[in-house]
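How does the following fold in three dimensions:
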Amino acid sequence: MQISIRYFTTLREITGKKEEKIFFQENQKITVALTLKTLSDKYGKPFTDYTFDPKGQIKNFLQLLINGVSITTSNDELEVTLQNGDTLAILPPVGGG
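The predicted structure is shown next:
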């Protein structure tokens, strides 16, 4: 099973990538939480500190999109299940002026 991850701004600097594919076993339930834990394990403390608050929740300034649809308003955003071929985008806050 393959999931694409898209990074922006700070996470692009932390990972050194704009996008990457990560692979999971076919029979495994892939959630946003598992995907982000896999990325935290791969990229370490800088990724974890940028992405999660001290309680292990996604920091409230980040937007998560699956295939272009925001899941950030979901109460259980970390438990959303990903399907083979999905793209998870982790977006920073948007500013303007």
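
What separation is there between the nearest residue to Lys59 once chain neighbours are set aside and Ile5?
Spatial nearest neighbour of Lys59, excluding adjacent residues (CB to CB, 6 or more residues apart in numbering): Asp53 at 5.4 Å. For glycine as for every other residue, the C-beta is placed from the backbone atoms N, C-alpha and C. The gap separating Asp53 from Ile5 is 20 Å, by CB to CB, to the nearest Å.

repeat for Leu39
7 Å.

swap in Lys42?
The spacing between Lys42 and Ile5, counted by CB to CB, is 10 Å.

Then Leu64?
The gap separating Leu64 from Ile5 is 11 Å, by CB to CB.

who touches both of these two?
Leu88, Ala89, Ile90 (CB atoms under 8 Å, 6 or more residues apart in numbering).

Can you say which helix or strand has the last one in it?
Looking back up the chat, that one is Ile90. For Ile90, the host element (DSSP states H and E) is strand 87-91.

which SS state does Ser4 fall under?
strand (DSSP: H, G, I helix; E, B strand; the rest coil).

Buried ones in stretch 77-95, by neighbour count?
Glu77, Leu78, Val80, Leu82, Asp86, Leu88, Ala89, Ile90, Leu91, Pro92 (16 or more other CB atoms under 10 Å).

Which of these sits closest to Gly68?
Lowest distance from Gly68 to the buried residues of stretch 77-95 (CB to CB) belongs to Ala89, with 7.6 Å.
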